[in-house]
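Trainee: I'll drop the sequence and a predicted model, then ask my questions.
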Amino acid sequence: MMKYTIPPFCYISKCLRSSALLLTLIVFIVPDEAIAQIRCSNPPVVILSDTHGSTCYSTPVTVNGNTFGGSATLVTITENGAGHVVASQANTSPFSFTYIPAPDDQGKTITITIRTNNPSGSPCKAARATYALDVTSVPSPPLIGNIFQPTCSVSTGRVELNGLPGGTDWTVTILPDGLSVTGNETSATIGYLSTGTYAFTVSTSDQCISYASQPAIINDQPLSPPPPVADHITSPTCAETTGTVTFTGLPPNGVWTLIRYPGTVTQTGSGSSYSVSSIPPGTYNFTVKNNAGCLSGLSSDIIMPDVQSGPPAPVIEHVFQPFGGNIYGGVLLTGLPSEGKWKLIQLPDNKTYKGSGSAFTVNDLAPGTYTFKVVDSNGCTSDESDAVVIVIPSPPAVIVNDPAPVCFPSTVNLTAQSVTAGSDPGLVYTYWSDESATDAIEDPSSVTAGTYYIKGTSGSGTFVIKAVTVTVSMPLHAEAGPDQIIGYSQNTVLSAQLEDGETGEWVVEKGTGIISDQSDPQSDVSRLSEGENIFYWVISNNVCPADTDKVIIKTGELEISTLITPNGDHRNDCFVIRGIESLRQTELTIFDRNGNLIFRKNNYDNSWNGIDKNDKPVVNDTYFFVLKSSGRNVINGYVVVRR
């Protein structure tokens with residue numbers, strides 16, 4: 001703890017008067033150290049030229065112009081960092097000291113303490129001063145990003161640097177040239193780099209310099225290849241309508257692209273020579289682009305000659321149409337090449353014939369349209385001939401009418417005139433079991449159900465085969481479904497049967513009932529009468545006689561309680577009308593013997609337990625009810641209440 005005393009030289013005002021005078025006392029409180037130094041006639045003193053600085057961890061710092069004095073004859077210099085001070089003492093003034101940082105000092109503030117000696121001893125004390133040194137971390141070396149190599153048109157390259165200390169000014173030094181670039185972003189692109197290997201360092205405003213980056217290699221500028229040279233031209237022929245050019249002098253290394261003008265048609269390849277095929281007649285120039293993307297100049301003009309002419313088209317001399325039931329025709333061709341072998345091409349099926357001589361007959365031509373081309377011995381092809389059309393007599397008009405269905409065991413006569421009515425006159429009919437007319441029917445005048453085929457043939461031998469369908473229906477057998485007993489309900493579902501091709505209809509014979517769909521064998525039926533209801537199910541197929549079956553549906557009567565004992569024993573506590581759910585909407589009204597209304601409820605649910613409309617128990621007596629419903633007449637009755 002620091003102590004304070006009153007020094008002997010404190011003054012008391014001399015303005016003392018009588019006891020009424022004001023006594024003023026001024027007291028100075030001074031620390032003990034200061035008292036000691038004041039008592040020391042020549043205290044030690046040390047003065048630094050600067051008390052704060054900064055440096056990179058690898059750069060020593062020297063502080064010059066420091067002095068000490070008073071009775072001090074020596075200063076001692078110490079530090080608290082990982083580095084060390086040079087020198088640790090000085091016995092002359094002015095003096096200097098140097099601090100050499102170590103790697104572990106990065107990002108820290110190092111305190112350097114300078115103390116004097118105290119030759120005079122007490123009460124004098126040694127003087128002390130401190131110097132604060134901020135040691136900055138070394139920057140990370142730049143990261144090599146994209147390297148942009150020289151191109152055919154640009155002789156220098158560029159290197160993209162990333163990971164720069166953004167937000168502060170920095171300087172990038174290009175090694176080995178020593179050139180520098182400044183900036184303050186986190187990335188930069190260093191341009192105008194000639195061929196060579198480069199590395200980069202970065203330094204910040206505190207002069208800290210990073211290590212060198214990874215090397216970046218700038219390649220030599222690629223050179224443009226010479227124009228391609230046409231070494232040989234293969235002209236088109238009548239067999240091959242395009243030509244071929246063989247080039248030499250192409251780039252021997254890597255993949256190149258050969259470009260044809262006009263049209264800018266490109267082809268890629270490798271090697272110093274290459275043949276370009278499928279070149280139509282015309283005049284062309286070519287350039288070549290090497291694997292570096294450098295483009296040559298234009299080649300000299302390359303002229304591809306026109307295609308050789310072919311033989312004349314075949315001449316249609318005579319057409320042979322089908323005759324007498326034959327469906328194939330033919331044609332006589334003339335004007336074919338008289339010398340050498342030729343090949344005749346039939347279109348559109350591309351069927352070929354080979355031969356020699358100026359005339360040739362083509363047989364077995366199915367009905368249709370044909371043209372012909374001829375290829376001579378040189379491989380040259382003519383134009384197409386005129387069209388040859390082969391036709392056969394029109395097929396007869398055969399009309400087949402399906403006979404009317406019959407009921408088993410009746411049969412059908414296929415030879416009846418009504419079956420082929422409307423066909424061309426004079427046709428000869430045959431009757432078959434298969435569509436190909438290979439299996440004849442033994443007796444077409446009496447056939448059963450099935451599909452048969454009638455072949456109508458004209459005098460020219462043309463014919464048409466058509467199908468005829470014979471329908472024989474089986475006798476009907478109605479099935480109205482089982483009889484039903486449905487208790488108190490007025491609704492049920494019918495369950496008749498109906499086969500394909502049959503229609504049916506429900507008919508009410510006895511009782512009542514509303515049928516949802518009279519033609520539906522499984523129709524819903526509602527509003528049945530109490531007791532026995534009879535329905536007929538009548539089926540028909542418009543061929544066989546109709547058939548009828550009946551179903552009986554019995555419904556039950558309502559059971560209405562005449563005595564209730566609402567004493568809470570859960571036995572006969574409520575007025576119950578069994579079967580009331582079949583009445584749909586209901587209204588129950590209960591009166592006493594004087595005609596006073598006791599209870600009323602719509603859609604009664606068998607819940608009245610002898611409570612009047614004021615929720616009070618009624619007295620033991622006989623009461624009268626009226627039950628109205630939407631499905632039945634009004635029902636009147638009585639009920640006795642005994643508790």
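Mentor: Cool, got the structure. Predicted model only: the values in this text are computed from it and were never measured.
Trainee: D500: how many residues sit nearby?
Mentor: D500 has 5 neighbours, counted by other C-beta atoms under 10 Å. Quick note: C-beta positions are derived from backbone N, CA and C, even for glycine.
Trainee: quick one: what helix or strand has it in it?
Mentor: Using DSSP states H and E, D500 sits within no helix or strand.
Trainee: quickly find the element holding the residue nearest to T76 when sequence neighbours are not counted.
Mentor: In space, and not counting its chain neighbours, T76 is closest to R115: 5.1 Å by C-beta to C-beta, 6 or more residues apart in numbering. Using DSSP H and E, R115 maps to strand 109-116.
Trainee: my guess is the residue nearest to T76 contacts R128. True?
Mentor: Yes. Judged on C-beta atoms under 8 Å, R115 makes contact with R128 at a distance of 5.0 Å.
Trainee: roughly how far apart are the closest residue in space to P222 that isn't next to it in sequence and D301?
Mentor: Nearest residue to P222, sequence neighbours excluded (C-beta to C-beta, 6+ apart): A292, at 3.3 Å. A292 sits 27 Å away from D301, going by C-beta to C-beta, to the nearest Å.
Trainee: among those two, which residue is more densely surrounded?
Mentor: A292 (20 against 9).
Trainee: identify the residues contacting that one.
Mentor: By C-beta atoms under 8 Å, 6 or more residues apart in numbering, the contact list for A292 reads T151, C152, P222, L223, G254.
Trainee: could you redo the last one with a cut-off of 10 Å?
Mentor: Applying C-beta atoms under 10 Å, 6 or more residues apart in numbering to A292 gives the contacts 149-152, 219-225, 251, 253-254, 256.
Trainee: swap in E532?
Mentor: Contact analysis of E532 by C-beta under 10 Å, 6+ apart lists D483, I485, K510, G511, I552, I553, K554, T555.
Trainee: so the second one bridges to which residues?
Mentor: Bridge pairing for I485 (DSSP bridges) gives the partners K554.
Trainee: do you know the pLDDT at it?
Mentor: pLDDT recorded at I485 is 81.
Trainee: can you give me the neighbour number for it?
Mentor: Neighbours of I485 (other C-beta under 10 Å): 11.
Trainee: where does pLDDT dip in the stretch 251-400 of the chain?
Mentor: 324-325 (pLDDT under 70).
Trainee: ranges for the strands of it?
Mentor: Ranges of strands in the stretch 251-400 of the chain, per DSSP state E, counting those that start in this stretch, are 255-261, 265-270, 274-279, 282-289, 302-304, 315-320, 329-334, 342-347, 351-355, 360-365, 368-375, 388-390.
Trainee: which other helices and strands does the first one contact?
Mentor: By that I understand strand 255-261. strand 243-248, strand 265-270, strand 274-279, strand 282-289 (3 or more C-beta pairs under 10 Å, 6 or more residues apart in numbering; DSSP states H and E).
Trainee: distance of the spatially most central residue of the chain relative to L161?
Mentor: Centrality entry for the chain: nearest residue to the mean C-alpha point is N146, 33.7 Å, by C-alpha atoms, centre = their mean. From N146 over to L161 the distance is 10 Å, taken as C-beta to C-beta.
Trainee: any shared contact partners between those two?
Mentor: Counting by C-beta under 10 Å, 6+ apart, the common neighbours of N146 and L161 are T189.
Trainee: wait, A496 sits on V507?
Mentor: No. Judged on C-beta atoms under 10 Å, A496 makes no contact with V507 at a distance of 11.8 Å.
Trainee: which one's more surrounded, these two?
Mentor: A496 (20 against 13).
Trainee: returning to what we had before: in its sheet, what does the strand holding R115 sit against?
Mentor: Strand 109-116 has these strand partners (DSSP bridges): strand 75-79 (antiparallel), strand 128-136 (antiparallel).
Trainee: switch those over to TSV; also include distance to S187.
Mentor: TSV is the format used below for the strands paired with strand 109-116 (distance: least, C-beta to C-beta, whole Å):
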stretch	distance to S187
strand 75-79	38
strand 128-136	22
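Trainee: turn those strands into CSV, columns for distance to N66 and mean pLDDT.
Mentor: CSV is the format used below for the strands paired with strand 109-116 (distance: least, C-beta to C-beta, whole Å; pLDDT from 0 to 100):
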stretch, distance to N66, mean pLDDT
strand 75-79, 8, 96
strand 128-136, 8, 93
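Trainee: in CSV, list those strands along with distance to N606 and mean neighbour count.
Mentor: CSV is the format used below for the strands paired with strand 109-116 (distance: least, C-beta to C-beta, whole Å; neighbours: other C-beta atoms under 10 Å):
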stretch, distance to N606, mean neighbour count
strand 75-79, 108, 18
strand 128-136, 99, 18
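Trainee: closest one to G568 among these?
Mentor: strand 128-136 (99.6 Å; C-beta to C-beta).
Trainee: show me the shaky parts of the stretch 401-550 of the chain.
Mentor: Regions of the stretch 401-550 of the chain meeting the criterion pLDDT under 70 cover residues 460.
Trainee: now with 90, please.
Mentor: Low-confidence segments of the stretch 401-550 of the chain (pLDDT under 90): 457-463, 474, 484-491, 500-501, 511-513, 526-532.
Trainee: all strands for it, in order.
Mentor: Counting by DSSP E, counting those that start in this stretch, the segments of the stretch 401-550 of the chain that form strands are 406-407, 428-432, 450-457, 463-470, 472-473, 484-485, 492-493, 503-510, 514-515, 524-526, 531-540, 547-555.
Trainee: and the gap between Y429 and T462?
Mentor: In terms of C-beta to C-beta, Y429 sits 14 Å off from T462.
Trainee: count the residues that sit near D592.
Mentor: Neighbour tally, D592, other C-beta under 10 Å: 15.
Trainee: isn't it up against V618?
Mentor: Yes. Judged on C-beta under 10 Å, D592 makes contact with V618 at a distance of 7.4 Å.
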